[in-house]
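Chemist: no sequence on this one, just coordinates:
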């Protein structure tokens, strides 16, 4: 396993950010992520350059000022407590992010370049909360910035919450080839949070004979896994510890599609869900929880 694919907490910050993943540092072309912790008080400047960004609160709320507008993000107390509102920043923006109470904020990004979309606010009430799988494969997906739900140039963002003992990102799947209607090429970042002081989980990534990759990483809060290609999954939540991960995806396709292909060795598992119930611990709290 190459350690470059698993970034433990604290190993990839730069003093201003807890985590910095750029296309250059990842060795690919499009996807990026920064994690920003703010103390109450001074504003943090963000220049988006040739990329589009979201400002997505993990804990706390903030104000985002850009292009003469201010977006007040109410945020949330934690990733397992609710979905959140967010802000979109287009390429070429100069923004300020400030917080009166402090907090931690994810800044997912994608190299875009066309810059035709305005900065705008995303309401938490509009975030689709989706339950996927069944039985021990039950998980919750919060769809923030996906095709048909929130417009962007290249960026795709969702978060997945998995109850302790369950598997998500399963069956293993990939999206590293452009095959119209079947699969889209997307680089992916997984950023993890785990409930409990000693919480942990596991992330598996493995490749094809033509493009090998071999990662089995124990993940804890603040860890990151980079997925340039290959089958990824399962994401395993250890019993007793709920698992959260933020997915950031982008790629070269102009259609901004998220099309996946299951590993044919394990795709049959999907058919078993028809006879199982969704885990009754789901959904986690949120405005769309039933």
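Modeler: Perfect, thanks for sending it. Model, not experiment: these values are computed from the prediction.

Chemist: so what's residue 240 up against?
Modeler: By C-beta atoms under 8 Å, 6 or more residues apart in numbering, the residues touching residue 240 are 164, 165, 196, 199. In this view, the C-beta of every residue, glycine as well, is placed from N, C-alpha and C.

Chemist: so which of the residues you listed comes closest to residue 28?
Modeler: Distance to residue 28, by C-beta to C-beta, is smallest for residue 199 among the contacts of residue 240, at 29.2 Å.

Chemist: spit out the contact partners of that closest one.
Modeler: Contacts of residue 199 were listed using C-beta under 8 Å, 6+ apart, and they are 220, 221, 238, 240, 241, 242, 243.

Chemist: same check on residue 158?
Modeler: Residues counted as contacts of residue 158 (C-beta under 8 Å, 6+ apart) are 141, 142, 143, 144, 145, 146, 246, 247.

Chemist: so what's the residue count around residue 177?
Modeler: Close neighbours of residue 177, defined as other C-beta atoms under 10 Å, add up to 14.

Chemist: hmm, I was thinking of residue 130
Modeler: Neighbours of residue 130 (other C-beta under 10 Å): 15.

Chemist: can you list phi and psi of the nearest residue to it once chain neighbours are set aside for me?
Modeler: Leaving aside its chain neighbours, residue 130 sits nearest to residue 141 (4.5 Å; criterion: C-beta to C-beta, 6 or more residues apart in numbering). Residue 141 adopts backbone torsions of phi -120, psi 120, taken as degrees, to the nearest 10.

Chemist: ok, residue 141 to residue 178 distance?
Modeler: Residue 141 is 24 Å from residue 178, where distance means C-beta to C-beta, to the nearest Å.

Chemist: and the two? which has more neighbours close in?
Modeler: The neighbour comparison of residue 141 against residue 178 (other C-beta under 10 Å) goes to residue 141, with 19 against 16.

Chemist: list the contacts for the more buried one?
Modeler: Counted by C-beta under 8 Å, 6+ apart, residue 141 has contacts 129, 130, 131, 132, 158, 159, 160, 161.

Chemist: only whichever of those residues are buried, select them in ChimeraX.
Modeler: This is the ChimeraX syntax for the buried subset of the contacts of residue 141, where burial follows 16 or more other C-beta atoms under 10 Å:
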select :129,158,159,160,161
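
Chemist: closest to residue 34 among the contacts of residue 141?
Modeler: Residue 34 lies nearest to residue 159 out of the contacts of residue 141, by C-beta to C-beta, at 16.0 Å.

Chemist: residues in contact with the closest one?
Modeler: Counted by C-beta under 8 Å, 6+ apart, residue 159 has contacts 79, 141, 142, 144, 244, 245, 246, 247.

Chemist: narrow those residues to just the buried residues.
Modeler: Buried subset of the contacts of residue 159 (neighbour count, 16+ other C-beta under 10 Å): 79, 141, 142, 144, 244, 245, 246, 247.

Chemist: sort out for me which of the residues you listed are in strands.
Modeler: Those of the buried ones among the contacts of residue 159 mapping onto strands are 141, 142, 144, 244, 245, 246, 247, per DSSP state E.

Chemist: for the residues you listed, which one is nearest residue 96?
Modeler: Of all these, residue 96 sits closest to residue 144, with 21.7 Å by C-beta to C-beta.

Chemist: please report how far the closest one lies from residue 247.
Modeler: Taking C-beta to C-beta, one finds residue 144 at 10 Å from residue 247.

Chemist: what do those two both touch?
Modeler: Counting by C-beta under 8 Å, 6+ apart, the shared contacts of residue 144 and residue 247 are 157, 158, 159.

Chemist: the last one falls within a strand, correct?
Modeler: Yes - assessed by DSSP: H, G, I helix; E, B strand; the rest coil, residue 159 belongs to a strand.

Chemist: which strand residues bridge it?
Modeler: Residues in a beta bridge with residue 159, per DSSP bridges, are residue 142, residue 246.

Chemist: closest to residue 34 among the buried ones among the contacts of residue 159?
Modeler: Closest approach to residue 34 among the buried ones among the contacts of residue 159 (C-beta to C-beta): residue 246, at 11.7 Å.

Chemist: can you list the residues that contact stretch 18-37?
Modeler: Contacts for stretch 18-37 (C-beta under 8 Å, 6+ apart): 4, 7, 9-10, 12-14, 16-17, 44, 51, 58, 97, 102-111, 154, 186-189, 191, 222, 224, 226, 228, 246, 248-252.
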